[in-house]
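Participant: structural data only, the sequence is not supplied:
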């Protein structure tokens, strides 16, 4: 009897462990793929708040929408068109590799999180109080790296440009998305921007920040800095890159002159002076 | 299809390249020991040689050490880069060295193309190698200017990728979303590594380091009538 009980306990333990691993994987999946546009109980971002979504629509419909949102919109489905209208024409992108099973896991997660008083995917709620100059300065220090990120992530400046970072500007890993001067406007304000920073949606940032996510106070300061730069900053000019290239060319030219000076006697015989200076 | 190609280029090619480097280098050293040389042509032409050899070697050494430093100590690089002025100093120096390397390579081509004696001692593999090196360094210079600041994003994104290769668990998510030029730079680097043991680049493995610190020597010719 006790053997049967222990076997049952073992089986239940394994099942619970598997369910827990699945839940963790789905939570990470949600964070990486959904959270830049959706919260659960934190209000509308680009897409709707997903709290209680399984009560608003049946799972079959939701699954088919998650797997291929564009097809649902193209089919003329009334609810899909309503969502499209509410998202101001932004069609939800299809997540690479998603299938009905993964969509089912996502819906299980949303259902479970909706039942909680406060979901972990509520996002960051930043008040509408004006930011202080200290908040803005701290944001700039985080952006340039003068203040290190607590979880070890690289400074924004490595890949992005924004006002106040010096004559040569910031990084431009992706020239189209690199300038963050107006990112506050692009992401329509504090809520979406802070949620985006909490869970970056680009593959490059996801890979870098998957084990080094930003802390809430860091996000707060960065939002303050981006709000200020959107109001007062000028988008970076290509002249910074030209200046950088010219510095490089001048540096190379100086090195060539230096080589010529150091080895100016290079065509004079080597052997004779050595022999002459040898003490016999 | 794109995923398979990325996997092939960033998870398989590196191992093929390093495997080729190790196996062929050992085999060549065992069977053709005296071909481990830069096959210097300085005695055939010495004036233009200086403007090819010196800029190329100083440039490539600094650039290679810079890449190595970002790979071995990424936190140090990121810490150094935590001030815009320091980033500017590092990046301008690196760009200057990249341009020097490119100047050296073009001077090599001009020197060998303009001298009939040198053309005779230039093999097809030399031509392939110099073309690949020009492509590699030109891409590096382009990336430095078009996608700054490489020293930071290399340490943040490419170092984890390279380390994942060393731990035999390649994580290509760090590179698949990189700009095209960066991807080409990485792929060409692996191709150069694979080509390495077939070329005169093997001299890198047998650098006579004691030359750097031993005293200068006067080699006296021995003639029977002096005895």
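Facilitator: Yep, that arrived. Computed from a prediction, not measured in an experiment: that's the story for all the values here. Numbering: from 1, shown residues only, chains lettered A, B, ... in the order given.
Participant: going forward, measure contacts between C-alpha atoms and count neighbours the same way
Facilitator: OK.
Participant: okay, now the closest residue to residue B:70 other than its chain neighbours: neighbour count?
Facilitator: Nearest in space to residue B:70, with sequence neighbours left out and distances taken as C-alpha to C-alpha, 6 or more residues apart in numbering or on different chains, is residue B:155 at 5.2 Å. A count of neighbours around residue B:155, defined by other C-alpha atoms under 10 Å in any protein chain shown, yields 24.
Participant: ok, now residue B:21?
Facilitator: Residue B:21: 19 surrounding residues under other C-alpha under 10 Å.
Participant: what about it, distance to residue B:194?
Facilitator: Applying C-alpha to C-alpha, to the nearest Å, one obtains 6 Å for the distance of residue B:21 from residue B:194.
Participant: low-confidence regions, the stretch 1-150 of chain A specifically.
Facilitator: Flagging of the stretch 1-150 of chain A using pLDDT under 70 yields the residue ranges A:1-3, A:5, A:7-8, A:10-23.
Participant: correction: the previous question concerned chain B.
Facilitator: Scanning chain B with the threshold set as pLDDT under 70 gives B:1-2, B:216-227.
Participant: redo that, cut-off 90
Facilitator: For chain B, the stretches flagged by pLDDT under 90 are B:1-4, B:32-49, B:79, B:82-85, B:117, B:121, B:173, B:177, B:204-227.
Participant: please enumerate the helices of the chain.
Facilitator: I went with chain A, as the question did not name one. Under the criterion DSSP state H, chain A contains helices at A:2-33, A:53-56, A:59-67, A:69-74, A:78-86, A:100-115, A:133-144, A:183-186, A:190-198, A:203-209, A:216-232, A:239-262, A:271-277.
Participant: looking at chain B here, not the other one
Facilitator: Counting by DSSP H, residue ranges of the helices within chain B are B:2-7, B:13-31, B:47-72, B:74-80, B:84-113, B:116-120, B:124-146, B:150-153, B:159-166, B:180-195.
Participant: relative to helix B:180-195, how tilted is the second one?
Facilitator: Following axes from the mean of the first three to the mean of the last three C-alpha atoms, to 10 degrees, one obtains 30 degrees for the angle between helix B:13-31 and helix B:180-195.
Participant: residues making contact with helix B:13-31?
Facilitator: Taking contacts as C-alpha atoms under 8 Å, 6 or more residues apart in numbering or on different chains, the residues outside helix B:13-31 that touch it are B:35, B:36, B:165, B:190, B:191, B:193, B:194, B:195, B:196, B:197, B:198, B:202.
Participant: ditto for the fourth one
Facilitator: Helix B:74-80 is contacted by residues A:154, B:69, B:70, B:86, B:87, B:151, B:152, B:155, B:156, B:159 when judged by C-alpha under 8 Å, 6+ apart.
Participant: off-centre distance for it?
Facilitator: 23 Å (C-alpha atoms, centre = their mean, to the nearest Å).
Participant: before we move on, what about the last one?
Facilitator: How far helix B:180-195 lies from its chain's middle: 11 Å, per C-alpha atoms, centre = their mean.
Participant: that helix vs chain A: in contact?
Facilitator: No: interface with chain A: helix B:180-195 contributes nothing (C-alpha under 8 Å from any C-alpha of the partner chain), its closest point being 9.5 Å away.
Participant: list of residues touching that helix?
Facilitator: By C-alpha under 8 Å, 6+ apart, the list of residues contacting helix B:180-195 from outside reads B:9-10, B:13-14, B:16-21, B:129, B:132-133, B:135-136, B:139-140, B:143, B:175-176.
Participant: which among those residues end up buried?
Facilitator: In the contacts of helix B:180-195, burial by neighbour count holds for B:9-10, B:13-14, B:17-18, B:20-21, B:129, B:132-133, B:135-136, B:139-140, B:143, B:175-176, counting by 16 or more other C-alpha atoms under 10 Å in any protein chain shown.
Participant: would you list the helices of chain B in TSV and tack on distance to residue A:217?
Facilitator: Output for those, formatted as TSV (distance: least, C-alpha to C-alpha, whole Å):
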stretch	distance to residue A:217
helix B:2-7	37
helix B:13-31	41
helix B:47-72	29
helix B:74-80	21
helix B:84-113	23
helix B:116-120	65
helix B:124-146	33
helix B:150-153	24
helix B:159-166	27
helix B:180-195	34
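Participant: how many neighbouring residues does the closest residue to residue A:50 other than its chain neighbours have?
Facilitator: Sequence neighbours aside, residue A:40 is the residue nearest to residue A:50 in space, at 4.9 Å (criterion: C-alpha to C-alpha, 6+ apart). Neighbour count of residue A:40, defined by other C-alpha under 10 Å: 24.
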